[in-house]
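1. Show me the folded form of this:
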Amino acid sequence: MTEKRLYEVVNPSDVITFRATVVEAACIGDRLRPAWYFVKDVQTGDEPKIDNLEEEYEAIWKSADKLASYAEAYRSFMVGSRSERELLEEAVSRMTQDEAKAYRAQWHDKRRTSMNDICRQVWETAEKIASYEAEAA
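-> Residues are numbered from 1 along each chain as shown. Purely as a prediction, here's the structure:
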């Protein structure tokens, strides 16, 4: 599996970060761009780009592994900077999955200022992706 890097959604309100591969971040960034949200690599400041974006979109729906990885990337969205994210990730690492989900939601509700609630929108997308069955190749 390719390394998941930390990315930031550049938007006028909340600092939002997420973990994804370069390919996933490029696709996610492409999907967010029409709403005037942009994605950049936290370490390099670069926008993730790939040459074969359309091919990747088509490949996602044919691979259970890709679907699971994209769902994980979308679930990883959170309001918070890199250092805040590290604190949250450390805290939830010692919790059950249900406790971690509840804690993340509480964290989100206390920090979110955007009326658009970008994170909740992408979390809903994550669940749709996760429920999708890969197409036969």
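2. excluding its backbone neighbours, what's nearest residue 30?
-> residue 53 (6.1 Å; C-beta to C-beta, 6 or more residues apart in numbering). Glycine gets a C-beta too; all of them are placed from N, C-alpha and C.
3. Let me know the pLDDT of residue 1.
-> Note for residue 1: predicted pLDDT of 51.
4. next one: residue 85
-> Residue 85 is assigned a predicted lDDT (pLDDT) of 93.
5. can you tell me how far it sits from residue 33?
-> To residue 33, residue 85 is 23 Å away according to C-beta to C-beta, to the nearest Å.
6. swap in residue 18?
-> Using C-beta to C-beta, residue 18 is found at 15 Å from residue 33.
7. Residue ranges in this protein under the pLDDT threshold?
-> 1, 137 (pLDDT under 70).
8. hey, where'd the helices end up in the chain?
-> Assigned by DSSP state H, the chain shows helices spanning 22-32, 53-60, 64-75, 82-92, 97-111, 118-131.
9. what comes up buried for the first one?
-> Of the residues in helix 22-32, those scored as buried under the neighbour-count criterion (16 or more other C-beta atoms under 10 Å) are 22, 23, 24, 25, 26, 27, 28, 29, 30, 32.
10. so it versus helix 118-131, what angle?
-> 120 degrees (axes from the mean of the first three to the mean of the last three C-alpha atoms, to 10 degrees).
11. tilt between helix 22-32 and helix 53-60?
-> With the same axes, to 10 degrees defining the directions, helix 22-32 sits at 110 degrees from helix 53-60.
12. Who has more neighbours out of residue 85 and residue 33?
-> residue 85 (21 against 12; other C-beta atoms under 10 Å).
13. Could you find the closest non-adjacent residue to the residue nearest in space to the middle of the chain?
-> In the chain, the centroid-proximal residue (C-alpha atoms, centre = their mean) is residue 74; its distance is 3.3 Å. Spatially, and ignoring its direct neighbours in sequence, residue 74 is nearest to residue 126 (3.5 Å; C-beta to C-beta, 6+ apart).
14. From what I see, the one you found and residue 67 are in contact.
-> No. The criterion here is C-beta atoms under 8 Å, and residue 126 misses it with residue 67 at 10.4 Å.
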